[in-house]
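Asks: Structural data only, the sequence is not supplied:
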C-alpha cells in the first residue's frame, strides 16, 4: 500500500516521513516484482489519495476539514475505504490470470492525480 504522496509529495510538511516511507514501499514492491518475476512472485502497488481513516481525519483538519478538502477533488469526496478494499480484492483475484500486471501501480484517487 503506497500513496499518491509518492508522485507529488505531501502537501503537509509534517508528513515528509510518511511520503518517503510510501515511496520506499513502492520501490521495494517494484523491485521484488522485477527480481522475482520468474519465481511467480507478483507485486502490485496501490496508491490511494486521502482515504477516510482515523489518520486522514487528523490530516484533513490541517486542510480546512473534509468538506473544504473534498471541494478540491474531481469527484467531490475523499476515497471511501471500501473502494480501496475492492481494488485489493481485484488485485488478489486476478493472480496468474493477468501476471503481466506485476510491478504496476494502481491509483485509487478519483482522478485527483492522473499520470
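Replies: That came through, no problem. All of these numbers come straight from a predicted model, not from anything done at the bench. Numbers count the residues shown, from 1 in each chain.
Asks: switch to C-alpha atoms for all contacts and neighbour counts from now on
Replies: Fine.
Asks: in this protein, which helix has the most residues?
Replies: Selection of the longest helix in the chain by residue count, based on DSSP state H, yields helix 16-35.
Asks: Which positions in the following helix or strand past that one come out as buried?
Replies: Next in sequence after helix 16-35, counting helices and strands by DSSP states H and E, comes strand 45-48. By neighbour count on 16 or more other C-alpha atoms under 10 Å, the buried set for strand 45-48 is 45-48.
Asks: ok, now stretch 57-70?
Replies: For stretch 57-70, the neighbour count (16+ other C-alpha under 10 Å) marks 59-60, 66, 69-70 as buried.
Asks: I'd like the buried residues of strand 45-48 as CSV, with distance to residue 83 appended.
Replies: Below are these laid out as CSV (distance: C-alpha to C-alpha, whole Å):
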residue, distance to residue 83
45, 15
46, 11
47, 12
48, 9
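Asks: now those residues in a markdown table, with distance to residue 2 and pLDDT?
Replies: Formatted as a markdown table, these follow (distance: C-alpha to C-alpha, whole Å; pLDDT from 0 to 100):
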| residue | distance to residue 2 | pLDDT |
| --- | --- | --- |
| 45 | 6 | 97 |
| 46 | 6 | 96 |
| 47 | 5 | 96 |
| 48 | 7 | 95 |
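Asks: Of those residues, just say which sits nearest to residue 104.
Replies: residue 45 (6.2 Å; C-alpha to C-alpha).
Asks: Isn't the closest one up against residue 27?
Replies: No: applying C-alpha atoms under 8 Å as the test, residue 45 and residue 27 come out as separate, 9.2 Å apart.
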